[in-house]
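Asker: Provided below for reference: sequence and predicted model.
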Amino acid sequence: MKVSKLAANLIGSEIVKIGNEVNDLKAKGAEIANLTIGDLNSNLYPIPALLKEEIQKAYQNNLTNYPPANGLLSLRKEVSKDLKNRWNLEYSPNDILITAGSRPLIYAVYKTIVDEGDKVVYPTPSWNNNHYAYLTSADAVEVKTTPENNFLPTADDLRPHLGGAVLLALCSPLNPTGTMFTKEQLSDICELVLEENKKRGEDEKPLYLMYDQIYSNLTFGAEHVDPVSLFPELKEYTIYIDGISKCLAATGVRVGWGFGPAHILDKMKALLTHVGAWAPKPEQEATAKFYENPENVNVFVEDFKGKLEESLKVLHGGIQDLKGKGLSVESIEPMGALYLTIRLDYIGKTKPDGSVIENSSDLVFYLINDAGVALVPFSAFGEAKSEPWFRASVGGLAVDEIKVMLPKLENALNNLK
């Protein structure tokens, strides 16, 4: 049966495909250490108790009709205060748009800025930019990054590609790597954006910068930096993506916010009224109440990210131990988020059954079946399947489960010849 060209050529999520395989095996009784999805085991990491209470109270108070298209004013006011207190960013409630998590915001940024054939620049690996570029018929320019630069793009990497581009998509801390821009790295890129916009005529679209900082509160020692704090003149070109999904362990609560130039945010709001992508009113009401006291956020985040950091250190230490034993593995010390970047240099090796690991997907499914370990290859983030790099997310496992998993991983890798 015929469908639209867009639907016919749409590529499904490789992460979901791997997750389905894991769930099928677990349903049959297999024990799988699931390091795939950028989600959290809500029994290990429940949302803040007060937030849960406020959500329940809002439902009991029948706050179950439509929220305003741009979000409850009470929540937008609290977000505005938090941006000022936390990052010294000045955005009024009218410059803020509330949606059901960050995905609708990213989609709306693309749809608001990008016309068919417009150039969009983003690094690889990065989360879902390839799919959003496809959905907007953009001319996607993927800028390959290197492990030497923590898989973050440098100004030199980006410089040849920004001419004529309408959107540069960046994320820090980065999904999938858990690495972050330094002040110097981001400053160099910001200067490029400003230089490019000085070249544009009045009848040309500017080069906008989408800055996804959904993991900005989950950092381990390193300082989170953002474009407008570094260069206030970037305010007219920068759209931020943020929310509670990650920092409050609230991935399923679905409250995100974007902020940036009013003329962009207004069009994003208008677009999303036709999609119905607003966060549920009770969750918005509860989030506003929770943010009324900044200490509610600070206390929860400090405890939560401390647990994530411990898990990441155990996993990173375990991979380094395997490296010390002579295995062809590497990992990059995590700086933020809930991800560890792991290199498993076993593509081309032969499995015990005599078949060959031909690409990163083959290695993923071998490890699922033979080690009970599930990872996501960087091919899910725009890289080639020949790349031996993988994302490990610790949000679904306890520290003890990570420790139990490591010898199984070691044994499975040792069985490859």
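Answerer: Arrived safely. Numbers count the residues shown, from 1 in each chain.

Asker: how many other residues sit next to residue 157?
Answerer: 17 (other C-beta atoms under 10 Å). Every residue, glycine included, has its C-beta placed from N, CA and C.

Asker: next one: the one 10 residues further on
Answerer: Residue neighbour count, defined by other C-beta under 10 Å, stands at 26 for residue 167.

Asker: specify the beta-bridge partners of it.
Answerer: Beta-bridge pairing of residue 167 under DSSP bridges involves residue 120, residue 208.

Asker: so who does it touch?
Answerer: 109, 110, 113, 114, 118, 120, 121, 138, 207, 208, 209, 210 (C-beta atoms under 8 Å, 6 or more residues apart in numbering).

Asker: kindly recompute the last result at 10 Å.
Answerer: 109-110, 112-114, 118-122, 129, 132-133, 136, 138, 205-210, 239 (C-beta atoms under 10 Å, 6 or more residues apart in numbering).

Asker: the helices in the stretch 1-150 of the chain, which residues?
Answerer: 5-9, 14-27, 49-60, 73-87, 103-113, 129-135 (DSSP state H, counting those that start in this stretch).

Asker: buried residues, the first one. List them.
Answerer: Read that as helix 5-9. For helix 5-9, a neighbour-count test (16 or more other C-beta atoms under 10 Å) marks nothing as buried.

Asker: so which elements touch that helix?
Answerer: helix 129-135 (3 or more C-beta pairs under 10 Å, 6 or more residues apart in numbering; DSSP states H and E).

Asker: least trustworthy helix or strand in the chain by mean pLDDT?
Answerer: Within the chain, confidence by mean pLDDT, DSSP states H and E is lowest for helix 14-27 among all helices and strands, at a mean of 85.

Asker: what residues sit buried inside that helix?
Answerer: 14, 15, 18, 19, 21, 22, 25.

Asker: just the buried residues from the contacts of residue 167, in PyMOL please.
Answerer: Of these, the buried ones go into a single PyMOL selection, burial set by 16+ other C-beta under 10 Å:
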select buried, resi 109+110+112+113+114+118+119+120+121+122+129+132+133+136+138+207+208+209+210+239
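
Asker: any idea how far residue 103 lies from residue 79?
Answerer: 18 Å (C-beta to C-beta, to the nearest Å).

Asker: of those two, who's got more company?
Answerer: Just comparing residue 103 and residue 79: by other C-beta under 10 Å the higher neighbour count belongs to residue 79, 26 against 16.

Asker: was I right to think that one contacts residue 70?
Answerer: No: with contacts counted by C-beta atoms under 10 Å, residue 79 stays clear of residue 70, the gap being 11.3 Å.

Asker: overlap in contacts, those two.
Answerer: Contacts common to residue 79 and residue 70, judged by C-beta under 10 Å, 6+ apart, are 93, 95, 96, 97, 98, 257.

Asker: separation between the third one and residue 217?
Answerer: For residue 96, the distance to residue 217 equals 17 Å [C-beta to C-beta].

Asker: equivalent analysis for the second one, please.
Answerer: Separation of residue 95 from residue 217 (C-beta to C-beta): 20 Å.

Asker: likewise residue 68?
Answerer: With C-beta to C-beta as the criterion, residue 68 and residue 217 are 26 Å apart.

Asker: the strands in this structure, which residues?
Answerer: 33-34, 96-99, 119-124, 139-144, 165-171, 208-212, 238-243, 256-259, 329-332, 339-344, 373-374, 376-377, 389-393 (DSSP state E).

Asker: if we can go back for a sec, for residue 235, find the nearest of the helices of the stretch 1-150 of the chain.
Answerer: Across the helices of the stretch 1-150 of the chain, residue 235 has its closest neighbour in helix 73-87 (12.1 Å, C-beta to C-beta).

Asker: what helices or strands is that closest one leaning on?
Answerer: strand 96-99, strand 238-243, strand 256-259, helix 281-291, helix 294-324.

Asker: does residue 277 really touch residue 105, like I thought?
Answerer: Yes: the criterion here is C-beta under 10 Å, and residue 277 meets it with residue 105 at 8.5 Å.

Asker: between those two, which contacts overlap?
Answerer: 98, 99, 256.

Asker: you'd agree the last one is up against residue 107?
Answerer: Meaning residue 256. No: counting by C-beta under 10 Å, residue 256 does not reach residue 107; the two are 11.5 Å apart.

Asker: more neighbours, the two?
Answerer: Of the pair residue 256 and residue 107, residue 256 is the one with more neighbours under other C-beta under 10 Å, namely 26 against 21.

Asker: quick one: residues contacting that one.
Answerer: 71, 97-106, 214, 241-246, 250, 277, 279.

Asker: burial of residue 147, as a residue count?
Answerer: Using other C-beta under 10 Å, residue 147 has 13 other residues around it.

Asker: so it versus residue 74, what's the distance?
Answerer: 44 Å.

Asker: quick one on the thing from earlier: which helices and strands sit right next to the least confident helix or strand of the chain?
Answerer: Using 3+ C-beta pairs under 10 Å, 6+ apart: helix 14-27 touches strand 33-34, helix 360-371, strand 373-374, strand 376-377.
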